[in-house]
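Student: I would like to see how this sequence folds:
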Amino acid sequence: MSTSSKSLVLKHISVEIKGQQILDDASVELDEGRIYTILGPSGVGKTSLLKVVAGLLPFSSGTMTLGGNEFNPNEHIIGLVPQSYGLLPWQTAFESVSSAYKISHNKKKLTAQEERLLTQLFSDMALMEQKDKYPSQLSGGQQQRVSIARAFATGGDFLLMDEPFSALDSLSREKAQQLFLRRWLKGPKTTLFITHDVEEAVFLGQTILLMGDREGITIEAIENPVFDPYATSLEIKNHDDFYPLVERLRKELHNHDK
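Tutor: Coordinates of the predicted model:
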């Protein structure tokens, strides 16, 4: 893995809650502007790792640095996409996204240019017809795409996604994956993407982080030879290396889950 001058480096991170070790001695280096998909057995600490980076979970030992300096998440704008969508029932889709933009940019009102930027974001996420609808009027896939649009609207340096597509059917998931990549290409963010789906990890991850528990948390970084954000999922699946990599990851996950 090449080292960026703005690499986020976690060294020997441990998290303890009420005497229980949630994350133990985890280390990983994240280069700027790359997508990292995270795989691992249940309970290994995937979401805890994400929460540490987001500043939502304090760590008991270890260090986090960005470009060699101490990393304080509270000093950065971080886009977060939860599994539960996190949309407020009284806000329309556009209100939800514009509120995130205004908060992150310390604005009380959008300019005409900013409205056009957010409208383009809705277009990129195939949500133009849903702009003025409330969450109860949206399908699960549409709600998730609004949640992703909201995270992109923050304009932050980091994008953290916790199994965002797990509740979607296969067609909605493929559409959301493709739209996410298309928008990400317009301004690549350092992205951490938790998934339990091995094929999704291979489709979306430039680097796949495989987490395991062997007397401390191990995180193996696997460079993905089939990653192509311009390709469709079918084109990726037709790549000679796709299924061998999927099978390798499944075997390693099975070994970690013993």
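Student: Who are the packing partners of the helix or strand where Thr65 lies?
Tutor: Using DSSP states H and E, the element containing Thr65 is strand 61-66. The contact analysis (3 or more CB pairs under 8 Å, 6 or more residues apart in numbering; DSSP states H and E) places strand 61-66 against strand 8-17, strand 20-30. Backbone N, C-alpha and C define where each C-beta goes, glycine included.
Student: now the ones you listed as a markdown table including mean neighbour count, distance to Ala126 and mean pLDDT?
Tutor: Shown next, in a markdown table, are these (neighbours: other CB atoms under 10 Å; distance: least, CB to CB, whole Å; pLDDT from 0 to 100):
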| stretch | mean neighbour count | distance to Ala126 | mean pLDDT |
| --- | --- | --- | --- |
| strand 8-17 | 18 | 31 | 91 |
| strand 20-30 | 18 | 29 | 88 |
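Student: Which of those sits closest to Pro58?
Tutor: With CB to CB as the criterion, Pro58 lies closest to strand 8-17 of the helices and strands packed on strand 61-66, at 7.5 Å.
Student: ok, residues contacting the closest one?
Tutor: Among residues not part of strand 8-17, those counted as contacts by CB atoms under 8 Å, 6 or more residues apart in numbering are 21-30, 32, 45, 48-49, 52-53, 57-66, 71, 158, 190.
Student: Save the helices and strands packed on strand 61-66 as CSV, and put in distance to Gly205 too.
Tutor: Output for these, formatted as CSV (distance: least, CB to CB, whole Å):
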stretch, distance to Gly205
strand 8-17, 16
strand 20-30, 12
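Student: and Glu252, which of those strands is closest to it?
Tutor: The nearest among the helices and strands packed on strand 61-66, by CB to CB, is strand 20-30 at 16.3 Å.
Student: Listing partners with orientation, what would you give for the closest one?
Tutor: strand 8-17 (antiparallel) (DSSP bridges).
Student: Now do Lys6 against Leu171, distance only.
Tutor: 37 Å (CB to CB, to the nearest Å).
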